Structure formats: structure tokens, C-alpha cells
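Novice: Sequence first, then the predicted structure:
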Amino acid sequence: MAVCQALIDQLEALAASHGATRVTRVLLRVGPLSGVEPALLDSAFGLARAGTVAERAKLQIERLPVRVSCRSCGHTSKAAINRLLCGHCGDYRTRLVSGDELQLARAELEIPDAAEAAG
Amino acid sequence: MCDTCGCNITPGNEALAHERHHGHEHTAVEVLSNLLDANDHQAAHNREHFRTHGVLAVNLMSSPGAGKTALLEATIDALGGQCRIGVIEGDLETENDAARIRARGVPAVQISTGTACHLDAHMVHEAMHAHDLDALDVVFIENVGNLVCPASFDLGQHRNITLLSVTEGADKPAKYPVMFRASDLVLLTKCDLLEVLDDFDPAAALAALRALASEAPLLHTAARRAPALAGWLDWLRTELAGLRAEAPAPQRAVAE
């Protein structure tokens, strides 16, 4: 819920800075190592958006895979959330390349008169 | 704001609104911001504030009952006057833990989170200012007992420590990878019980931790046996010395 409130705050600020009246679509990118469960975030969003610019926004969550790069052999491989070993040589000294993201990637805004103003 | 009553019309866009008929454009905006930016920004401020005061900030996390408060009590007793300690206590309810710490003669600020299952950087910011940092060397932030949510919120600590008691399962790092992966040190607590608990295998706990690509040390401790704290106290002294070496605070006396 705290994460969801942070999302709403960012959407409110984003809408205000673009003169938008409504957010119609939101794309998040979430990796499993962020500690945030997409299904829970989705249901919390349904509550948190009430009365905000995102009241009718469609939330889309893209799940990112866990990928590690090996500091021993240099290979990059897919990994499980609790087994971040190199898929090539099995060494545990790896660096996370992707999988801990908790990112607001894109938002679709409804901006009144924007087309005419720009044209 | 809405687009039916006209409350979205400001002096800046009023002319446009009145000159033209309402039309809408859907614009996709690439953002690419971290959802917890506001928390992380506050956390960075907290970390810098602790650092400029020469105070090492340590975030203690674990499941409820793993022995965070008992470890703090034993640490306070063992360090005595060598190190000036302050504590920030996070709990859903009660001041019980803060009272236990104060009984040891150490300042403690209690944060009651109500229904929130974790501390965040804004709560810690308030508690930090309730402490006299110039009179402290180390601030321990005792997070809410929970192995899930606290892992996602940076508080502005310099080091994360997760406690794993030997009365839990040795596979806890595999079950709660987000938290254990974020730990700079894992403390195995209640190790004095190992002699009667033959189903906890410390080697399995270490293997589960290494499977998270973690190089964090796993130290054995027992809050009720002072000699079993030696490794932990050495780690703490080394970290404090490291922080001071990196950021000397010339205007304050450093306790030895």
C-alpha cells in the first residue's frame, strides 16, 4: 500500500506538470527482487486510485526476469530469485543485471486541448 | 482536478480553454522513475546527516522474536562506555522495547507504526532528529519484526543486518531472498541453543545465503553469553572506524 501511495503521488505530480486532467494508462516494470508482489500491488492500486487523477487508469505490470552476470567467468544468465548463481560456471559471486526493478516506466495522460494548442 | 466542472482551468491555460472547444489528446510519457524515489531521496539525506555527525547507522531486521532487542541489550552491556549508542525502535504498538533499552541507560526513540509493517525513511528522519547525534557514535534502528516489507525501504542506514535465530529454519535466506540479499551482515542468534537443537544446520544457512550471491559474513552470537558476542563487536568497531576514516568529524570528540 505504501508503494501504491508513492505511485499515486508520482502520477499526480506527472499529470500536474503536463497539465493533464487524467491518467488513463500506467505501465510499471517490476522485478521479483524488489520485494513487491505484482498481484498485491494491482489490488492495492484499485483502492489507492480512488479520487485521484488515476481514478480510471488501467494498470499494466510488466514482470522482469532475474538475470545475473558472473564476476568469475563473465557470462550473463537467467537465475531464480533465491538462487542467484552463475548459470554457466555455478559461482556465487555474481552481480544482478535485472530483477530488482520497481519502476514507473510509462504513463498515458489525457491533456485537454493539447492537440490544438500544439497545432 | 476534473474536466467537467472546470476546476482544471488555471490562469495559465484559461485563454486556451475559452478560445477552443474541449478536445483531448492522449499522450504517452516515458517516465522511468523508481516508485520509491521519494523515500530513497529522504533516505540519502538521513544517511548523509548521520555521516556528517560521525554516527554509524545500522538497520536491524529479522522476524519477530529473533532477538533484536536482546542483542541490543547485550551489546550495550558489552560495550559499556567504549561506544555511545542510541536506538530508534520500530514497532506496530507499545513502547516496551524502547523502555528495555532506556533501562540500560541508553537513549531510545520509539516509533509506533500503527498498521504499517515496516519503517520508512520519513519516520526515521523524525526519530533521528529526536536524538542528540553529537552525543552518539552508533545509532541502531530496530526495524519492525518482519522479513518481507522492511527490505524494500531504504532508511538511510550505512549497514543492514539481518538476524536469523537458530529456532527458525536454516532455509530462511531461500524463503526471504530480498531481505537476506540486502544484508551486509547476517547474525545467527541464540547459538547457545545449538547444543540442544540438532535440527538447525548453520552450514545450510550459510549455503542458502551464498546462493543469493551474498558475500555477507554469517556470525554466530548468543546474547546471553558475552564471549559469543566478540565477533559481532569486532565487526561493529571496524565499521565505525571505517565510517570515521572516510568522513572525519573534526569538530567533535571521538569516544575511544
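Specialist: Sure thing, it's come through.

Novice: Flag every buried residue along stretch B:232-242.
Specialist: Going by neighbour count (16 or more other CB atoms under 10 Å in any protein chain shown), the buried part of stretch B:232-242 is B:232-233, B:235-237, B:239-240. C-beta: built from backbone N, CA, C; applies to glycine.

Novice: from these, which ones fall inside helices?
Specialist: Under the assignment DSSP state H, the buried residues of stretch B:232-242 contribute B:232-233, B:235-237, B:239-240 to helices.

Novice: about what we covered before: out of the buried residues of stretch B:232-242, which one sits closest to B:Leu212?
Specialist: Top of the list for closeness to B:Leu212, among those and by CB to CB, is B:Trp235 at 19.4 Å.

Novice: Could you list which residues are in contact with A:Ser98?
Specialist: By CB atoms under 8 Å, 6 or more residues apart in numbering or on different chains, the contact set of A:Ser98 is A:31, A:64-67.

Novice: Columns pLDDT on top of the ones in helices among the buried residues of stretch B:232-242, output as CSV?
Specialist: Converted to CSV, those look like this (pLDDT from 0 to 100):
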residue, pLDDT
B:Trp232, 97
B:Leu233, 97
B:Trp235, 97
B:Leu236, 97
B:Arg237, 96
B:Glu239, 97
B:Leu240, 96
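
Novice: Go through those and name the one nearest B:Phe140.
Specialist: B:Phe140 lies nearest to B:Leu236 out of these, by CB to CB, at 9.7 Å.

Novice: residue ranges with poor pLDDT in chain A?
Specialist: A:114-119 (pLDDT under 70).

Novice: quick revisit: from the contacts of A:Ser98, list just the buried residues.
Specialist: Here, 16+ other CB under 10 Å leaves A:31, A:64, A:66-67 buried among the contacts of A:Ser98.

Novice: Take those and write them to CSV, including secondary structure and distance to B:Gln82.
Specialist: What follows is those, written out as CSV (DSSP: H, G, I helix; E, B strand; the rest coil; distance: CB to CB, whole Å):
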residue, secondary structure, distance to B:Gln82
A:Gly31, coil, 42
A:Leu64, coil, 46
A:Val66, coil, 42
A:Arg67, strand, 45
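
Novice: If we only consider the residues you listed, which is nearest to B:Met128?
Specialist: Nearest to B:Met128, judged by CB to CB, of the buried ones among the contacts of A:Ser98 is A:Gly31 at 29.9 Å.

Novice: Against chain B, how distant is that closest one?
Specialist: Going from A:Gly31 to chain B by CB to the nearest CB, to the nearest Å gives 10 Å.

Novice: Identify the residues contacting that residue.
Specialist: With contact taken as CB under 8 Å, 6+ apart, A:Gly31 is in contact with A:63-66, A:98-102.

Novice: ok, back up a step: could you export the contacts of A:Ser98 as a markdown table, including distance to B:Ser214?
Specialist: Shown next, in a markdown table, are the contacts of A:Ser98 (distance: CB to CB, whole Å):
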| residue | distance to B:Ser214 |
| --- | --- |
| A:Gly31 | 17 |
| A:Leu64 | 21 |
| A:Pro65 | 20 |
| A:Val66 | 14 |
| A:Arg67 | 17 |
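
Novice: show me where the chain has strands.
Specialist: I'll assume chain A. For chain A, the strands defined by DSSP state E cover A:22-30, A:58-63, A:67-70, A:76-78, A:94-98, A:102-112.

Novice: should've been chain B
Specialist: B:24-34, B:56-61, B:85-91, B:108-112, B:138-142, B:159-165, B:185-189, B:218-220.

Novice: ok, the nearest residue in space to B:Ala226 that is not next to it in sequence to chain A distance?
Specialist: Take B:Ala226 and drop its neighbours on the chain: the residue closest to it by CB to CB, 6 or more residues apart in numbering or on different chains is B:Ala78, 5.9 Å away. Distance, B:Ala78 to chain A, by CB to the nearest CB: 32 Å.

Novice: Quick one: check stretch B:178-189 for contact with chain A.
Specialist: Yes - on the criterion CB under 8 Å from any CB of the partner chain, stretch B:178-189 is in touch with chain A at B:178-179, B:181.

Novice: If we go by neighbour counts, what in stretch B:49-63 is buried?
Specialist: By 16+ other CB under 10 Å, the buried positions in stretch B:49-63 come out as B:49-51, B:53-63.

Novice: Using CSV, please lay out those together with distance to A:Arg25.
Specialist: Shown next, in CSV, are the buried residues of stretch B:49-63 (distance: CB to CB, whole Å):
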residue, distance to A:Arg25
B:His49, 39
B:Phe50, 40
B:Arg51, 41
B:His53, 45
B:Gly54, 48
B:Val55, 45
B:Leu56, 45
B:Ala57, 40
B:Val58, 42
B:Asn59, 36
B:Leu60, 41
B:Met61, 36
B:Ser62, 40
B:Ser63, 39
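
Novice: Redo the residues you listed as CSV? Include pLDDT and distance to B:Glu246.
Specialist: Compiled in CSV, the buried residues of stretch B:49-63 are given as follows (pLDDT from 0 to 100; distance: CB to CB, whole Å):
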residue, pLDDT, distance to B:Glu246
B:His49, 97, 15
B:Phe50, 97, 12
B:Arg51, 96, 8
B:His53, 96, 14
B:Gly54, 96, 10
B:Val55, 97, 13
B:Leu56, 98, 11
B:Ala57, 98, 14
B:Val58, 98, 16
B:Asn59, 98, 19
B:Leu60, 97, 22
B:Met61, 97, 24
B:Ser62, 97, 28
B:Ser63, 96, 32
